[in-house]
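Peer 1: Pasting the sequence and the predicted coordinates here, then a few questions.
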Amino acid sequence: MLSTMQDVPLTVTRILRHGMTIHGKSQITTWTGDADGPERRSFAETGVRATQLAGALRDELGVTGDERIATLMWNNAVHVEAYLAIPSMGAVLHTLNLRLPAEQLIWIVNHAADRVVIVNGSLLPLLAPLLPQLPTIEHVVVSGPGDRSLLDGAAPRVHEYEELIAGRPTTYDWPELDERSAAAMCYTSGTTGDPKGVVYSHRSIYLHSMQVNMTESMGLTDKVTTLVVVPQFHVNAWGLPHATFMTGVNMLMPDRFLQPAPLAEMIERERPTHAAAVPTIWQGLLAEVTAHGRDISSMASVTIGGAACPPSLMEAYDKLGVRLCHAWGMTETSPLGTMSNPPAGLSAEEEWPYRITQGRFPAGVEARLVGLGGDILPWDGESAGELEVRGPWITGAYYGGAAGEPLRPEDKFTADGWLKTGDVGVISPNGFLTLTDRAKDVIKSGGEWISSVELENALMAHPEVAEAAVVAVPDEKWGERPLATVVLKDGATVDYEGLRAFLAESVAKWQLPERWAIVPAVPKTSVGKFDKKVIRKQYANGELDVTQL
């Protein structure tokens, strides 16, 4: 028996139309750093400009079908226009991570066969030297201030964004798209091997946007202004540009002003009520607030993900009246996989054990834990294994290139279609995930596992520690032992013995590191995660001043 329901495709086009009409008065505010203040644009204006961009891409640049249109841009209103226009016209939005090494960017653009790139003028010094090695790029569209002379002699045609869309029709004959067709793509950061392409469908984006807005996730409505710090090139800014256009959430976009001082100024002036970013952003902002007494009280909630959030950071923001909510996800999961909203009816003290987990799985994400022998483990809060997931916004393969078949490497996907996340953890009986480590980062010492994340969180709770990263290093007796690299706060006087004694208050004695190094900064990946492979390489090459206790 079939249902009587209408078969209406779930597409980005529907999000575009809905946002520009039903929520036309909602605003995108882009920080400029100018005395004149930020640029403001309504959703209705954004929708019209997205419509004009689609027309320009089709009529002036000849974009047809599912050609890839790249963006090399900061978080701003123009980037949101691209988010809406490109998928809605049937092309594929390809956001480029501007923090990747040049050789990875070249590889990614060529692998995706991008035909057009839309770039902020301030990023031309990054793009221009790469163009001779990007043969598929036929058009460069430049938005905002920047030195256009850097493009002199470049093979692609160069266009001004505002001139390209100016005077164009404000209507577009949007195609009827298959909801399973490609809408956008992102590449993983390529920490092991070449970057891998994840292609999101219209259906997956639509369903993911609905989940982002649900109260068990970020709970966003048109009464909220969200500060979108997480980059639009990083997993579609955690789905926020599409989700906010769906429900009329006002967006505050920081553009290139991502340092603690301008972020604090944005919060003071524009009074956002929600924000999203990785832990390193909030650590920097906390230092700014502590040093200069900035007012960030408008932010009722913050979504924090991309890396484990130290409990000490949550506690510090609690004292400021700002609630950090842990989330977990990956490029492969669109990225929303869990959110740590505690169950109802608990006191603040009872909520704490839930808040420091990665969170609970929504209905759209199925999860299981797999042990070393391949057994499916129980959700008992104690049995640790590798997390595997599946669902309507989780990838089932990687992009195989313009002429290639989808890639399903055995180390990433199971035979029955589950994604192997590479994360090790436990799940409670009521579905709360606690990650203890990445499978590649867990320290295997004398037949036992030591969680590098647990050691890092404990170290970062020390009042004189700014950051700490722990990695496994070879040991003749135990196979592997932890090396603790620590960034001290200005003026700190604590020594290694003091740090080890502090750890001993919360960590088993056999897990305590013997090897220590003070470093000026923890190396980070392009999306702000601790880059532990760099630390391991530094140790192997003798580049760290290591003290062994």
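Peer 2: Okay, I see it.

Peer 1: What is the least confident helix or strand in this protein?
Peer 2: Within the chain, no helix or strand scores below strand 448-450, which has a mean of 76 by mean pLDDT, DSSP states H and E.

Peer 1: Return the next helix or strand after that strand as CSV; C-alpha atoms alone will do.
Peer 2: Per DSSP states H and E, the first helix or strand lying C-terminal to strand 448-450 is helix 452-460. The C-alpha trace of helix 452-460 is given here as CSV (Å, rounded to 0.1, in the frame of the first residue of the first chain):
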residue,chain,number,x,y,z
SER,A,452,45.2,11.4,25.4
VAL,A,453,42.1,13.6,25.7
GLU,A,454,41.6,12.7,29.3
LEU,A,455,45.1,13.8,30.1
GLU,A,456,44.8,17.0,28.1
ASN,A,457,41.5,18.0,29.8
ALA,A,458,43.1,17.3,33.2
LEU,A,459,46.2,19.4,32.4
MET,A,460,44.1,22.3,31.0
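
Peer 1: I'd like the mean pLDDT over helix 452-460, please.
Peer 2: Mean per-residue pLDDT for helix 452-460: 90.

Peer 1: just checking, what packs against that helix?
Peer 2: helix 311-319, strand 432-438, strand 465-475, strand 479-488, helix 496-504 (3 or more CB pairs under 8 Å, 6 or more residues apart in numbering; DSSP states H and E). All C-beta atoms are positioned from the backbone trio N, CA, C, and that covers glycine.

Peer 1: helix, strand or coil for residue 324?
Peer 2: Under DSSP: H, G, I helix; E, B strand; the rest coil, the three-state class of residue 324 is strand.

Peer 1: my guess is it contacts residue 311, does it?
Peer 2: No - using CB atoms under 8 Å, residue 324 is not in contact with residue 311; the gap is 9.8 Å.

Peer 1: Between these two, which is the more surrounded one?
Peer 2: residue 324 (23 against 17; other CB atoms under 10 Å).

Peer 1: ok, that one - contacts?
Peer 2: By CB atoms under 8 Å, 6 or more residues apart in numbering, the contact list for residue 324 reads 282, 301, 302, 304, 309, 313, 314, 317, 318.

Peer 1: what do you get for residue 216?
Peer 2: Taking CB under 8 Å, 6+ apart, one finds 339, 341, 360, 362 in contact with residue 216.

Peer 1: how does it look with 6 Å?
Peer 2: With contacts defined as CB atoms under 6 Å, 6 or more residues apart in numbering, the neighbours of residue 216 are residue 341.

Peer 1: tell me which element it is part of?
Peer 2: Applying DSSP H and E, one finds residue 216 in no helix or strand.

Peer 1: cool, the one 5 residues further on as well?
Peer 2: For residue 221, there is no helix or strand it lies in under DSSP H and E.

Peer 1: Now do the helices in the stretch 51-200 of the chain.
Peer 2: 77-88, 102-112, 124-127, 161-165 (DSSP state H, counting those that start in this stretch).

Peer 1: Ok, which of those comes nearest residue 497?
Peer 2: helix 102-112 (41.5 Å; CB to CB).

Peer 1: export that closest one as PDB, just CAs?
Peer 2: C-alpha atoms of helix 102-112 as PDB (Å, rounded to 0.1, in the frame of the first residue of the first chain):
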ATOM      1  CA  ALA A 102      49.000  25.300  -1.400                       C
ATOM      2  CA  GLU A 103      49.700  21.800  -2.700                       C
ATOM      3  CA  GLN A 104      46.500  20.400  -1.100                       C
ATOM      4  CA  LEU A 105      44.400  23.300  -2.500                       C
ATOM      5  CA  ILE A 106      45.700  22.600  -6.000                       C
ATOM      6  CA  TRP A 107      45.000  18.900  -5.600                       C
ATOM      7  CA  ILE A 108      41.500  19.500  -4.400                       C
ATOM      8  CA  VAL A 109      40.500  22.000  -7.100                       C
ATOM      9  CA  ASN A 110      41.800  19.700  -9.800                       C
ATOM     10  CA  HIS A 111      40.300  16.600  -8.400                       C
ATOM     11  CA  ALA A 112      36.900  18.400  -8.200                       C
END
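
Peer 1: re earlier: out of the contacts of residue 324, show me where the pLDDT dips lowest.
Peer 2: residue 309 (87).

Peer 1: And the helices and strands packed on helix 452-460: which comes nearest residue 34?
Peer 2: Checking the helices and strands packed on helix 452-460 against residue 34 by CB to CB gives helix 311-319 as the closest, at 29.6 Å.

Peer 1: tell me which residues of that closest one are tucked away?
Peer 2: The neighbour-count check on helix 311-319 (16 or more other CB atoms under 10 Å) flags 311, 312, 313, 314, 316, 317 as buried.

Peer 1: so what's the nearest residue to the last one once chain neighbours are set aside bridging to?
Peer 2: With CB to CB, 6 or more residues apart in numbering as the measure, residue 324 is the residue that lies nearest to residue 317, at 5.2 Å, once sequence neighbours are left out. Counting by DSSP bridges, residue 324 forms beta bridges with residue 302.

Peer 1: For the contacts of residue 324, work out which two are farthest apart.
Peer 2: 301 and 313 (14.6 Å).
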